[in-house]
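K.L.:
sequence and predicted structure are below.
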Amino acid sequence: MDNPEVERHYRKPGWFTENVLNKAVIGLTRLGVSVWGSRILETKGRKSGETRTTPVNLLDVDGSKYLVCPRGESQWVRNVRADGGRLTLLVGRRRTRYVATELMDGDKVPILRAYLRRWKAEVGMFFDGVGPESSDDEVAAIAKRHPVFILAEQ
């Protein structure tokens with residue numbers, strides 16, 4: 001359950017991102033065109049119980065699949081946590097169910113580095129100047145602000 005006393009880091013998307021870019025990525029992904037690894041994430045709303053969707057970037061590192069939330073404690077992160085890690089990723093007609101396990105901050109450094117290596121041009125502004133070439137200490141310093149989940153197929 002969410003604790004309102006815990007300070008959350010979250011950068012809400014702007015109007016253009018929410019109403020144009022995200023909708024374009026969702027539309028293409030539904031057609032089966034993955035834009036740089038894009039997937040549509042489906043979760044169950046923690047309050048409404050209704051299906052919620054959002055575009056995400058699926059990261060593959062050494063054969064394991066990860067989701068990183070560059071914006072921080074987003075609604076999809078909170079929904080996944082509330083539903084025991086259950087989520088579905090879609091691309092075209094393919095639906096894959098996963099159970100997501102959140103990584104501890106100390107385990108995030110190589111995953112955040114790989115994520116930034118792949119998508120820094122798209123999401124770099126959310127990482128406070130930290131990039132794939134930053135030191136382990138610099139990446140570790142921002143790790144708590146960016147939830148990372150490893151996925152296991154159901």
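P.N.:
Done, it's in.

K.L.:
give me the number of residues near residue 68?
P.N.:
Residues lying near residue 68 (other C-beta atoms under 10 Å) number 23. From N, CA and C alone the C-beta is placed, and that goes for glycine too.

K.L.:
typed the wrong thing, it's residue 78
P.N.:
When neighbours are defined as other C-beta under 10 Å, residue 78 has 19 of them.

K.L.:
show residues contacting the helix or strand hosting it.
P.N.:
For residue 78, the enclosing helix or strand under DSSP states H and E is helix 75-82. If you take C-beta atoms under 8 Å, 6 or more residues apart in numbering as the criterion, helix 75-82 is touched by 1-2, 41, 43-46, 52, 54, 56, 69, 86-87, 100, 102, 147, 149.

K.L.:
change it to 6 Å
P.N.:
Applying C-beta atoms under 6 Å, 6 or more residues apart in numbering, the contact partners of helix 75-82 are 41, 43, 45, 46, 54, 69, 87, 100, 147.

K.L.:
and the gap between the first one and residue 139?
P.N.:
Relative to residue 139, residue 41 is positioned 24 Å away (criterion: C-beta to C-beta, to the nearest Å).

K.L.:
who does the residue nearest to residue 152 when sequence neighbours are not counted bridge with?
P.N.:
The shortest distance from residue 152 to any non-neighbouring residue, by C-beta to C-beta, 6 or more residues apart in numbering, is to residue 99 (5.1 Å). Counting by DSSP bridges, residue 99 is bridged to residue 86, residue 152.

K.L.:
fine by me, we can end here.
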